[in-house]
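Participant: Generate coordinates for the sequence data below:
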Amino acid sequence: MPTLPQSEIKAIAKLLKTNDENTSKLLEEQFKTFDIRLLKEIDNEIPLEDIELKERFSKLVCNIKSENLKKDFLNWAKNPGCSLEEGVFLVALFNNPLLDVEKYSNILNTWVEAIRNNLKKIKIKNDPTSIINETNHFFFMELGLKGNKKKYYDPDNSFIDKVIDKKLGNPILLSVIYLLVAKKLNLPFSGVNMPAHFLVQYYDTVEPIYIDPFSQGEIISKAVCEERIKTLKLTWQNEYLLAPTNKQIIARMMQNLINIYHSEGMFDLKEALEGYVNILKRN
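Facilitator: Have a look, this model is predicted:
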C-alpha cells in the first residue's frame, strides 16, 4: 500500500475543498488506491469544524470502499478455500467500509496466545473437558463475552468489530469468534447450524460435545438440541448437527441482518445485503 509524506497528505486535504470537477475525479481515482490507514490520515487533516467537508469526504470514501467490497466479496465467494475470518470481516466492512480490519484481527491473535498459554497449564493433555473448560473460562470469564439478550436484534450483534468492542453478540457471532480462535489453535471445534440458535461442537470424541456460546459456554446434550427444535414446531433432523461450510455461516449471518433490516424498515441496507446473498448462491 502507498505511503505519503505528511506534507502531501495536508495538500490532498486542502485540495478536497476544490470545486474543480477534473481535480475531484483525480482525487477520487487516487483514493481508490489508498488503504484505510492513509484515508484516516487525510481525514485527520480536515478541521473538525469543517463538518460539510468531513461529511463529503466520508461519503466519497464509503462509496469507493463499497464498490471495492463487492468485488472482494465476489472473489471470496468464488474461492473454494474461502476463509471464515475473511468472510466475517467482509460482513463487518459492509457496515463500516473504513473498518480497521488489521486492528481486530490482531485482537483475535492476542486471544489465541492467551488461550494457548492457558492450555499449557492443563494437567491432562488433549483432554476434551479440560480444553473446553479453559476455552470457556477465557472467553466468558476473563473477557466477559456474553449473549446480548436485552437487545437480541441489535444489528451490532452481527458485526465482529462491534461484538469485540462491546463483548456482546448473537449466537452465531459469539460462535464464530469461538471458531476463529479455535482454528488458529488447531482445536477440533466446528459450527452447528441449528435452526434459530447456532452452536459450537467439539468433535474429537466418541460423541460430539455441544457448546452454547450465547449462554456463556453452556454444555448441552443432543437431547437438549432436540428439545429446542421441538419448541420451534419443527421435526428433528440429524442434519441439524452437521458442520456448516464457511459460506453457509456467512450466508446465515447476512440473512439475520436482512431480517433485522426488513423489520426496522431499513430497506436500502436490506436490498444491498440481498445482493451479497445472491452472489453466494451463484457461487
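Participant: Excluding chain neighbours, what is closest to Asn68?
Facilitator: Spatially, and ignoring its direct neighbours in sequence, Asn68 is nearest to Lys32 (7.2 Å; CB to CB, 6 or more residues apart in numbering). To be clear about C-beta, it is placed using only N, CA and C from the backbone, and glycine gets the same treatment.
Participant: repeat for Ser221
Facilitator: Closest residue to Ser221 apart from its sequence neighbours, by CB to CB, 6+ apart: Tyr210 at 7.0 Å.
Participant: Just confirm the one you found is within a helix.
Facilitator: No - according to DSSP: H, G, I helix; E, B strand; the rest coil, Tyr210 belongs to no helix; its state is strand.
Participant: quick one, strands of this structure?
Facilitator: Secondary structure of the chain by DSSP state E: the strands cover 146-147, 168-169, 189-192, 199-202, 209-212, 218-220.
Participant: What's the separation between the residue nearest to Asn68 and Leu60?
Facilitator: 10 Å (CB to CB, to the nearest Å).
Participant: ok, now Arg37?
Facilitator: On the measure of CB to CB, Arg37 and Leu60 end up 17 Å apart.
Participant: More neighbours: which of the two?
Facilitator: Shown here are Arg37 and Leu60; by other CB atoms under 10 Å, Leu60 has more neighbours (16 against 11).
Participant: contacting residues around the more buried one?
Facilitator: Leu60 is in contact with Glu28, Phe31, counting by CB atoms under 8 Å, 6 or more residues apart in numbering.
Participant: Give me the pLDDT for it.
Facilitator: Listed pLDDT for Leu60 reads 83.
Participant: when you give positions from now on, start the count at 403
Facilitator: Done: numbering now begins at 403, and the last item shifts to Leu462.
Participant: And it, how far from Asp437?
Facilitator: 16 Å.
Participant: gap between the closest residue to Asn498 other than its chain neighbours and Lys505?
Facilitator: Closest residue to Asn498 apart from its sequence neighbours, by CB to CB, 6+ apart: Asp563 at 7.1 Å. Separation of Asp563 from Lys505 (CB to CB): 8 Å.
Participant: between those two, who's got more neighbours?
Facilitator: Neighbour totals were compared for Asp563 and Lys505, and Asp563 leads with 20 against 11 (other CB under 10 Å).
Participant: which residue packs closest to Asn559, ignoring adjacent ones?
Facilitator: Distances taken as CB to CB, 6+ apart place Asn572 nearest to Asn559, at 4.0 Å, with adjacent residues excluded.
Participant: Same question for Lys553.
Facilitator: Asn559 (7.3 Å).
Participant: Check the burial of the one you found by counting its neighbours.
Facilitator: Neighbours around Asn559, by other CB under 10 Å: 24.
Participant: can you pull the pLDDT of it?
Facilitator: Looking at Asn559, its pLDDT reads 97.
Participant: is it true that it touches Lys569?
Facilitator: No - counting by CB atoms under 8 Å, Asn559 does not reach Lys569; the two are 11.3 Å apart.
Participant: Common neighbours of those two, please.
Facilitator: Joint contacts of Asn559 and Lys569 (CB under 8 Å, 6+ apart) do not exist.
Participant: If you count neighbours, what's buried in stretch 511-524?
Facilitator: For stretch 511-524, a neighbour-count test (16 or more other CB atoms under 10 Å) marks Trp513, Val514, Ile517, Asn520, Leu521 as buried.
Participant: Oh, that last question was meant for stretch 465-477, not what I typed.
Facilitator: Ile466, Lys467, Leu471, Phe475.
Participant: Could you tell me the per-residue confidence at the third one?
Facilitator: So that's Leu471. pLDDT, read off for Leu471, is 88.
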